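Undergrad: Show me how the following folds:
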Amino acid sequence: MEKFVAVAGNIGVGKTTLVQKLCDILGWTPFFEPESENPYLPDFYKDMQTWAFHSQVFFLTRRLRAHKNLCAQAGSVIQDRSVYEDAEIFAHNLYRQQQMGERDYQTYRELYQALVEFLPPPDLVLYIKASVPTLQQRIKLRGRDYEEEIDPAYLEGLNILYNSWIEGFDLCPVLTIPGDDLDFVANNGHLDLIIKKVQEKLTGKEVVVFTEKEMNNS
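TA: All right, here's what the predicted structure looks like:
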């Protein structure tokens, strides 16, 4: 039974690692963010208010095309970051920070909503939820110097947007993974528990939660 799963979550939460581990064990195909450079980024970093709209439309277009291709691909796939996060988290955050104007943001939202209507949703979204201290710890462990300078307030702002988005998301089932409590990188028992819950959700079980007893015993 072919499945399309998207993994969502804040910067440094472990999306890429989880995608790779799930694919290694389940024999699925991973899909990571394309490496092609956004041609607007140099201008965006110099003048965010002028170029935020152009940059975000580029990212959105690329992600929409990837989503469409994944839906048509044979076999089960897991995507690192969903198409929804571009609009619901990162473009929204630029608007909140007044780096994207009202007119540009509303145009972007209309474009996003019109296009998403034509996309089949994933079979499941895995949302890795973690506090800022956990994010900071994992960012430090992966050792990217430029990420260690990220303001904790910025991460907290993204967390607020992520939680708000997930609460209202109803296009497909969602499984929230408690990232503060489950270390799927170092603890194979935690990884096995996540796989068990993913399989339960994909086979139609409506209520799937991680209990404290299960997490402590893994």
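
Undergrad: Return the helix or strand in this structure with minimum mean pLDDT.
TA: helix 145-148 (a mean of 70; mean pLDDT, DSSP states H and E).

Undergrad: which element is the residue nearest to Thr107 when sequence neighbours are not counted on?
TA: Spatial nearest neighbour of Thr107, excluding adjacent residues (Cβ to Cβ, 6 or more residues apart in numbering): Phe53 at 7.3 Å. No exception for glycine: its C-beta is placed from N, CA and C like everyone else's. Phe53 is located in helix 48-72, with elements delineated by DSSP states H and E.

Undergrad: Centre of the chain to stretch 72-82, how far?
TA: 13 Å (Cα atoms, centre = their mean, to the nearest Å).

Undergrad: ditto for stretch 104-119
TA: On Cα atoms, centre = their mean, the centre of stretch 104-119 falls 18 Å from the chain's centre.

Undergrad: go on, stretch 120-131?
TA: 7 Å.

Undergrad: List the buried residues in it.
TA: Within stretch 120-131, the residues that count as buried by 16 or more other Cβ atoms under 10 Å are Pro121, Pro122, Asp123, Leu124, Val125, Leu126, Tyr127, Ile128, Lys129, Ala130.

Undergrad: dump the residue contacts of the spatially closest residue to the third one that is not a sequence neighbour.
TA: Nearest residue to Asp123, sequence neighbours excluded (Cβ to Cβ, 6+ apart): Lys3, at 4.7 Å. Listed by Cβ atoms under 8 Å, 6 or more residues apart in numbering, the contact set of Lys3 reads Trp28, Ser76, Val77, Asp123, Leu124, Leu202.

Undergrad: and what of Ala74?
TA: Residues counted as contacts of Ala74 (Cβ under 8 Å, 6+ apart) are Glu2.

Undergrad: how near is Glu147 to Glu88?
TA: 22 Å (Cβ to Cβ, to the nearest Å).

Undergrad: Looking at these two now, which is surrounded by more residues?
TA: Between Glu147 and Glu88, counting by other Cβ atoms under 10 Å, Glu88 is the more crowded of the two (21 against 15).

Undergrad: does the more buried one really touch Ile160, like I thought?
TA: No. Assessed by Cβ atoms under 8 Å, Glu88 is found out of contact with Ile160, at 11.9 Å.

Undergrad: quick one: the strands in the chain?
TA: Using DSSP state E, the strands of the chain run over 4-9, 29-31, 77-80, 124-129, 174-178.

Undergrad: tell me the pLDDT at the residue nearest to Thr107?
TA: As summarised for this prediction, Phe53 has a pLDDT of 96.

Undergrad: My read is that it contacts Met100, right?
TA: Yes. Contact criterion Cβ under 8 Å: Phe53 and Met100 qualify, at 6.1 Å.

Undergrad: so what's in contact with those two at the same time?
TA: Joint contacts of Phe53 and Met100 (Cβ under 8 Å, 6+ apart) are Tyr108.
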